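**Q** coords please:
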Amino acid sequence: MLYASEVAVAHRNLATVDLVIIGVYFAIVFGIGLYFARKERTSEDYFLAGRDIGWFFIGASLFVSNISTEHFIGLSGTGASSGLAVGHFEWLACLILLILGWVFVPFYLRSNVFTMPEFLERRFNRASAVYLAGISIIAYIFTKISVQLYAASVVLERVAGWSLWKTAVVLVIATGIYTVAGGLAAVIYTDTVQTLILITGAVVLTVIGLGRVGGLEHLRTMVPPDYFHMIKPVSDPNFPWTGIFFGAPILGIWYWCTDQVIVQRVLSARDEGHAKAGTIFAGFLKFCPSSCSFCPASSPSRFSPIRSKSRTSPIQLSSSTCFRSDL
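**A** The predicted structure follows:
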């Protein structure tokens, strides 16, 4: 494994236009948070956005609640080292989201609950609710929040030369301000803004990356023939088809259909129809990460600013320091 201390990083200072764009982004995010913070709210307004969110915003929030920096780094690294088969987890989510919308959502909405632990408490007992809440908090701290903060800080450290720890602290404070102040409504609407930014940036990066390597056909000649094969043999050490078809759906249902962060979005829907439409829209968006992350990553030496003392590629470095935590 190659650690950050072993990498000589070449980065450029951000130009004025870069700083302006970052400033406008933060102004929009904080503006949304402050707008909802000034409104008079009940507990339902704060935790479930008044149960009045439309399908477009639900779908965008579901998407960006799952997609983050660990995707653009970890998914790219895994794709560069083992091929497109890692996209199974993204495409599988399209089907699991439909299960969320048509199997789980009707029960959740009719129960009129705020959280998944509350649903378990009504269905079983208090102990099961406490257990789920405790496990969820621990899992998110060690497998989700910490990974996202580290991945985002690594990116900014490599690109702009910002201090890793200072960047992580700023991200925590900034996110906490608009989340605590504005509640779920602020989170969902800022998620929508972030969805547009993520998709736009990913598409632009994909176009630039394919252009640098001479197009998709030339890219296929640069990688092993099985890199674009989605179905791997049972002997494959990373993505055997047995694990993908029989194991991954179990984890996918747990994550997409019972995770508090995900389910809270559909609980905020104004009705069951908007909740189902939101899951369809989110499933459509989940087709993007595989192609938009894998294609540029397949030839990182063409346009990456990171230079290693060894010959390990920068994308392999990314995958070694950041792990996927969502299915």
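
**Q** tell me where the stretch 51-200 of the chain is predicted with low confidence.
**A** Within the stretch 51-200 of the chain, not a single segment meets pLDDT under 70.

**Q** try it again with 90
**A** 51-52, 64-94, 110-114, 123, 125, 136-137, 139-187, 190-191, 193-200 (pLDDT under 90).

**Q** swap in the stretch 201-327 of the chain?
**A** For the stretch 201-327 of the chain, the ranges with pLDDT under 90 are 201-241, 243-245, 247-248, 251, 254-255, 261, 285-327.

**Q** strands along that one, start to end?
**A** 306-308 (DSSP state E, counting those that start in this stretch).

**Q** helices of that one, start to end?
**A** 216-222, 241-242, 248-258, 260-267, 272-285, 288-297, 314-321 (DSSP state H, counting those that start in this stretch).

**Q** surely L97 touches G252?
**A** No. Between L97 and G252 there is no contact under C-beta atoms under 8 Å: 9.2 Å. All C-beta spots, glycine's among them, are computed from the backbone N, C-alpha and C.

**Q** compare the two and say which is more crowded by neighbours.
**A** L97 (29 against 20; other C-beta atoms under 10 Å).

**Q** so K39: helix, strand or coil?
**A** coil (DSSP: H, G, I helix; E, B strand; the rest coil).

**Q** so how many other residues sit close to the residue lying closest to it once chain neighbours are set aside?
**A** Excluding the flanking residues, the one nearest K39 by C-beta to C-beta, 6 or more residues apart in numbering is D45, at 7.5 Å. Residues lying near D45 (other C-beta under 10 Å) number 17.

**Q** where's D45 relative to A185, distance?
**A** In this view, D45 and A185 are 7 Å apart by C-beta to C-beta, to the nearest Å.

**Q** give the residue farthest from the middle of this protein.
**A** Of all residues in the chain, N125 has its C-alpha farthest from the mean position, at 32.2 Å, by C-alpha atoms, centre = their mean.

**Q** re the thing from before, out of the helices of the stretch 201-327 of the chain, nearest to G77?
**A** helix 314-321 (2.4 Å; C-beta to C-beta).

**Q** what's the helix or strand for the residue nearest to K39?
**A** helix 43-48 (DSSP states H and E).

**Q** continuing past that helix, what's the next helix or strand?
**A** Next along the chain after helix 43-48, with elements defined by DSSP H and E, is helix 55-66.

**Q** run through who's touching that next one.
**A** Residues outside helix 55-66 that contact it (C-beta atoms under 8 Å, 6 or more residues apart in numbering): 53, 93, 97, 187-189, 191-192, 194-196, 198, 261-262, 265-266, 268-269, 273-282, 284-286, 326.

**Q** adding distance to K144, write the helices of the stretch 201-327 of the chain out as JSON lines.
**A** Listed next are those as JSON lines, based on distance: least, C-beta to C-beta, whole Å:
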{"stretch": "helix 216-222", "distance to K144": "32"}
{"stretch": "helix 241-242", "distance to K144": "27"}
{"stretch": "helix 248-258", "distance to K144": "10"}
{"stretch": "helix 260-267", "distance to K144": "8"}
{"stretch": "helix 272-285", "distance to K144": "18"}
{"stretch": "helix 288-297", "distance to K144": "16"}
{"stretch": "helix 314-321", "distance to K144": "16"}
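
**Q** so for D18, which of the ones you listed sits nearest?
**A** helix 288-297 (19.6 Å).

**Q** just give me the residue closest to the centre of the chain.
**A** I67 (1.4 Å).

**Q** show me the contacts for that one.
**A** With C-beta under 8 Å, 6+ apart, I67 has these contacts: 198, 289.

**Q** need the phi and psi values for it.
**A** Torsion angles at I67 (phi, psi; degrees, to the nearest 10) stand at phi -90, psi 130.

**Q** swap in N125?
**A** phi -160, psi 180.

**Q** could you measure from it over to Y131?
**A** 10 Å.

**Q** overlap in contacts of these two?
**A** With C-beta under 8 Å, 6+ apart as the test, N125 and Y131 reach no residue in common.

**Q** quick one: mean pLDDT for the strand or helix carrying A27?
**A** Under the criterion of DSSP H and E, A27 resides in helix 16-37. Taken as a whole, helix 16-37 has a mean pLDDT of 83.

**Q** go through that helix and flag the buried ones.
**A** Burial within helix 16-37, assessed by neighbour count using 16 or more other C-beta atoms under 10 Å, is assigned to 29-30, 32-33, 36-37.
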